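>>> prediction below, plus the sequence it came from.
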Amino acid sequence: MHISRRWMFRLTACLALLSSLGAQAGPVTDRLKAGGSKLVIAHRESSVPFSYLDANKRPVGYAVDLCLKVAEAVRKKLEMPALGVEFRMVTPANRIETIVAHEADLECGSTTNNAERRQKVAFTVPHYITGARYMVRADSGIEDLQQFENRKLVSTKGTTPLKAVEAANRERLLRIEVLEAPDHSRAVEMVEKGEADGFVMDDVLLFGLIAGRPEPGKLKVVGKFLTIEPLAIMLPKDDPEFKKIVDDEMKRLVNSREAYAIYERWFAKPIPPKNTSLNLPMSYLLKDFWKYPSDQVPY
C-alpha cells in the first residue's frame, strides 16, 4: 500500500504527540528515572501553618516540611541524590485537577481525604485531623451555626467545608446566604470588613489565619465541629510504586516520631512571618490515628 509523504508526516506527528502525552501521564518514578525532570510539589498561598508563603515569598509550613522529607525518600529510593524539587502554587479550586493532570506530583497543603476525592486522586497517611468551625468578629455575638440564620457565611471555593455548610443550610432551612471566596485570605478580609458574618473552614486554618492578622484580637473561632477532616498529602491515583515510597516515608516519620517534632515546630513554637505561636497541642484524634498510621480513613 502506498502512503504519501503528507500522510506519513501526519502519522509521525500523531505518534509523537501520543508518546509525549503518555510520558506526561505515566508513573512518577518512571518519569523521574528518565532524567531531566524534577519532583513537583504543589503548595498553597495562605494555608497557615500547613503550606503558605513567608515574607520572602518562599513556600513554608508543616505539610511542606513533610513533603521535603518525602522528596528525600524518593531520592534515596531511586538512587538519584541530585534530584531537584520544583514548587507550584495551587488554589483550593485547582489543586485536585493539578494532580489529576500530572502537573504536580505531591500536593502539600491542607486537603481533606474523602471518598469523593479518592475517585480522582490518592492520599497518604493523614498529617492532621481537624474539623470545620466558624471565624467571626469577636464582638459579633455569634457562637454556632444556628445563629447565622438570615446572615452571610463565606467559605473558600472547592473546599469540603463549603459543601458541608451548603448541605446543612438546605437541611436545616437556615436561609443563610452562602458566599464563595477565591482563597482563605480573601475570606478573612470579608469577615473583617463586614462583607460576611463568618468564615467556615477547618479550625486549625482559622487559628493560623487569625494569628497572622494585624489585629488578631478582633476575630475568634466559635462553634461545634461541622465536619471531621483528615488532612493528607495528595498524589496521583493508580501509581502504586510512587505511592508506596510516599506511604513508607510517612509511616517512618510517624513511627520514628520525627513527624511529632515537625508538628511541634509549626504548632507549638513561633512561626513566620510574625514569629507568633499557634499554641495548638496535638489533638487526641491525631494521636490515636498515629498509633497505627495508615492511608485508610473512615470518611
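Cool, got the structure.
>>> for the stretch 151-299 of the chain, which segments count as helices?
Along the stretch 151-299 of the chain, counting by DSSP state H, counting those that start in this stretch, helices occupy 160-172, 184-192, 203-211, 240-255, 258-267, 284-289.
>>> which helices and strands sit right next to the last one?
Secondary-structure packing of helix 284-289 (3 or more C-beta pairs under 8 Å, 6 or more residues apart in numbering; DSSP states H and E): strand 128-130. Placement of C-beta: from N, CA and C, glycine included.
>>> repeat for the longest one
Here helix 240-255 is seen to pack against helix 28-33, helix 62-78, strand 234-236, helix 258-267 when contacts are counted using 3+ C-beta pairs under 8 Å, 6+ apart.
>>> pull the second one out as CSV, backbone CA atoms only.
Backbone C-alpha positions of helix 62-78 (Å, rounded to 0.1, in the frame of the first residue of the first chain) are rendered in CSV as follows:
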residue,chain,number,x,y,z
TYR,A,62,4.1,21.8,58.3
ALA,A,63,3.0,20.0,55.1
VAL,A,64,5.8,21.5,53.1
ASP,A,65,8.4,20.1,55.6
LEU,A,66,6.8,16.7,55.4
CYS,A,67,6.8,16.8,51.6
LEU,A,68,10.5,17.7,51.6
LYS,A,69,11.1,14.6,53.8
VAL,A,70,9.2,12.6,51.2
ALA,A,71,11.3,14.1,48.4
GLU,A,72,14.5,13.0,50.2
ALA,A,73,13.0,9.5,50.5
VAL,A,74,12.3,9.5,46.7
ARG,A,75,16.0,10.5,46.1
LYS,A,76,17.2,7.6,48.2
LYS,A,77,14.8,5.0,46.8
LEU,A,78,15.6,5.9,43.1
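>>> which parts of it are buried?
62-71, 73-75, 78 (16 or more other C-beta atoms under 10 Å).
>>> now do that helix against helix 258-267, angle only.
150 degrees (axes from the mean of the first three to the mean of the last three C-alpha atoms, to 10 degrees).
>>> what lines up beside whichever helix or strand comes after helix 62-78 in the sheet?
Next helix or strand after helix 62-78 toward the C-terminus (DSSP states H and E): strand 85-89. Here strand 85-89 has these sheet partners by DSSP bridges: strand 39-43 (parallel).
>>> now do the strand it pairs with against helix 240-255, angle only.
60 degrees.
>>> kindly export strand 39-43 (C-alpha atoms) in PDB.
Provided in PDB are the C-alpha atoms of strand 39-43 (Å, rounded to 0.1, in the frame of the first residue of the first chain):
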ATOM      1  CA  LEU A  39       9.800  16.300  41.600                       C
ATOM      2  CA  VAL A  40       7.000  18.900  41.500                       C
ATOM      3  CA  ILE A  41       5.500  19.900  44.800                       C
ATOM      4  CA  ALA A  42       2.200  21.800  44.800                       C
ATOM      5  CA  HIS A  43       1.800  24.300  47.700                       C
END
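>>> what sits up against that strand?
28, 32, 51-52, 59, 61, 63-64, 67-68, 71, 74, 83-90, 95, 98-99, 103-109 (C-beta atoms under 8 Å, 6 or more residues apart in numbering).
>>> what's the weakest-modelled helix or strand in the chain?
Within the chain, no helix or strand scores below helix 5-25, which has a mean of 44 by mean pLDDT, DSSP states H and E.
>>> contacts only, for Asn279.
Counted by C-beta under 8 Å, 6+ apart, Asn279 has contacts Phe267, Ala268.
>>> try 10 Å this time
Phe207, Ala211, Phe267, Ala268, Lys269 (C-beta atoms under 10 Å, 6 or more residues apart in numbering).
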